[in-house]
Structure formats: structure tokens, C-alpha cells
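**Student:** how does the following fold in three dimensions:
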Amino acid sequence: MIVIEPQEGENLEKMLRRYKRKFDRLGIAREVRKRLHHTPKSVQRREQIKRAAYRQKLLQQQETT
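**Tutor:** Numbering: from 1, shown residues only. I've put the predicted structure just below:
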């Protein structure tokens, strides 16, 4: 559970903004979406390799320019 303590003189909108930021940083929404459906280990590994290849390609493009 995420707990946001009100700071002195802080309005509700600012507290909500802090809550949303903390929620995003913890990755709760991503974790829930990930748990909604099962993906086999082989598919997860394949996606991980694809992401790594894409990152590597971007790094190589940056080095050449």
C-alpha cells in the first residue's frame, strides 16, 4: 500500500501528483498488466533478445553519427 503523508501547507492536487509519481515509479500498473495473462518463458526470452538487439542498433547508430 502506498502511503502519502500530507506536508505542511500542501493542497490536495499536489498530494495526488506525488501519489501518481510514486505509483508510476513502483511499477504497480505494469505488474498488474503483466500478471493478467501468462507468457511462456521462451516468448519472454525472445522479446528480451529483440529489445537488446534494438538497443544495440540504436547505440551503433549514435556512434556513427
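**Student:** quick check: what element follows the helix or strand of the chain with the lowest mean pLDDT along the chain?
**Tutor:** Lowest on mean pLDDT, DSSP states H and E among the helices and strands of the chain sits helix 28-36, with a mean of 88. Using DSSP states H and E, the next helix or strand after helix 28-36 towards the C-terminus is helix 41-64.
**Student:** what about that following helix, distance to the chain center?
**Tutor:** 18 Å (Cα atoms, centre = their mean, to the nearest Å).
**Student:** against which helices or strands is it packed?
**Tutor:** If contacts are counted by 3 or more Cβ pairs under 8 Å, 6 or more residues apart in numbering; DSSP states H and E, helix 41-64 sits against no helix or strand. For every residue, glycine as well, the C-beta is placed using N, CA and C.
**Student:** separation between the residue most central in space within the chain and Lys57?
**Tutor:** For the chain, the residue sitting closest to the mean C-alpha position, by Cα atoms, centre = their mean, is Gly27 at 5.1 Å. Counting by Cβ to Cβ, to the nearest Å, the gap from Gly27 to Lys57 is 26 Å.
**Student:** so where's the protein shaky on pLDDT?
**Tutor:** Applying pLDDT under 70 to the chain flags no residue at all.
**Student:** rerun that using 90 as the cut-off
**Tutor:** Regions of the chain meeting the criterion pLDDT under 90 cover residues 1-4, 27-35, 37-39, 64-65.
**Student:** let's verify the residue of it most remote from its centre: helix, strand, or coil?
**Tutor:** The C-alpha centroid of the chain is most remote from Gly9, which lies 30.5 Å away (Cα atoms, centre = their mean). Three-state assignment for Gly9 (DSSP: H, G, I helix; E, B strand; the rest coil): coil.
**Student:** from Gln48, how far off is Gln61?
**Tutor:** As judged by Cβ to Cβ, Gln61 and Gln48 stand 21 Å apart.
**Student:** what does Gln62 give?
**Tutor:** 22 Å.
**Student:** Phe23: how many residues sit nearby?
**Tutor:** 13 (other Cβ atoms under 10 Å).
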